[in-house]
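Engineer: Provide a 3D model corresponding to the input given below.
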Amino acid sequence: MPSDKLIPVQTRRITSTRTVVLGLEILFVVALLTVWLTSTTIRQERNLWILFFYSFPSEFLISFLPHEPVILYFSKDHSAMTVALVSIAGTMLAEALDYSAIKFIREIKFMEKARKNKAAEKLVNFFWKAPFPALWVAAFLPTPFYPFRFLVVLANYPLWKYLMAILTGRLPKFYLLAFLGKALKIPDLWIAIFFIALILAAYLPVAKFCKNNTCRKS
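Structural biologist: Reported below is the predicted structural model:
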């Protein structure tokens, strides 16, 4: 049994380790995002490794990068099942990183206070009425998913159940998209327009809410 003097030291070591891990996760995702956005060659490449690594910036925490247009793009040169499996593999790893990152953030005092807020408690209690179906529907439908990343951690929902909901919800979605892309052979220009439209559709409501409410200067 460690003495009282050793407990703070151990706690600091654990916190420092988690901070380093979180920092490395963020740097990894930022590096992938930077390479993706700055390299025209890579964006035009149809190597499946590009599709795999794209999952990290597109699924990391609050990301406005859509996955759907990229799946349509890659499905023109690969089978629907291959594209779906590569996409879900990257997505599962990215979501596991999200879970660990948000869990670390949750332990900060500020987040602990937010978690004990009455509105947050009501939301968590409502989520627990049907957590798996709620996650499955959110994973399958083309709606912003990032609120659920925070919700599962606030609710202490098990990681393996969360990943199972992602797997069973996203895999059929990815396959249907890839099948559609393979069948229609959508031109790259239309895929690029779709890509930009999805970014704007996700970003503009958040920006408007931020401007009108939480981010307004006093």
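Engineer: what residues are up against the most centrally placed residue in the chain?
Structural biologist: Ranked by distance to the mean C-alpha position of the chain (C-alpha atoms, centre = their mean), the top residue is Glu59 at 2.9 Å. Residues near Glu59 by C-beta atoms under 8 Å, 6 or more residues apart in numbering: 67, 90-91, 94-95, 98. In this view, the C-beta of every residue, glycine as well, is placed from N, C-alpha and C.
Engineer: Leu61 too?
Structural biologist: 98, 101-102, 146, 149.
Engineer: Kindly export whatever helix or strand Pro147 lives in (C-alpha atoms) in PDB.
Structural biologist: Assigned by DSSP states H and E, Pro147 belongs to helix 146-154. C-alpha atoms of helix 146-154 as PDB (Å, rounded to 0.1, in the frame of the first residue of the first chain):
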ATOM      1  CA  TYR A 146     -19.300  14.200 -32.700                       C
ATOM      2  CA  PRO A 147     -21.800  14.900 -29.900                       C
ATOM      3  CA  PHE A 148     -22.100  11.200 -29.300                       C
ATOM      4  CA  ARG A 149     -18.300  10.900 -28.900                       C
ATOM      5  CA  PHE A 150     -18.500  13.100 -25.900                       C
ATOM      6  CA  LEU A 151     -21.800  11.700 -24.700                       C
ATOM      7  CA  VAL A 152     -20.500   8.100 -24.400                       C
ATOM      8  CA  VAL A 153     -17.600   9.200 -22.300                       C
ATOM      9  CA  LEU A 154     -19.800  11.400 -20.100                       C
END
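Engineer: could you point out which element follows that helix?
Structural biologist: With elements assigned by DSSP H and E, the helix or strand that comes after helix 146-154 is helix 159-184.
Engineer: before we move on, the earlier item: so which of the contacts of Leu61 is the most crowded?
Structural biologist: Asp98 (26 neighbours; other C-beta atoms under 10 Å).
Engineer: Does that residue belong to a helix, a strand or coil?
Structural biologist: helix (DSSP: H, G, I helix; E, B strand; the rest coil).
Engineer: Could you check how many residues crowd around the nearest residue to Lys173 once chain neighbours are set aside?
Structural biologist: Counting by C-beta to C-beta, 6 or more residues apart in numbering, Lys173 lies nearest to Phe140, which is 5.0 Å off, once chain neighbours are set aside. The number of residues packed near Phe140 is 17, by other C-beta under 10 Å.
Engineer: and after the lowest-mean-pLDDT helix or strand in the chain, which helix or strand comes next?
Structural biologist: One helix or strand of the chain scores below all others by mean pLDDT, DSSP states H and E: helix 109-115, with a mean of 59. The element immediately downstream of helix 109-115 (helix or strand, assigned by DSSP H and E) is helix 118-127.
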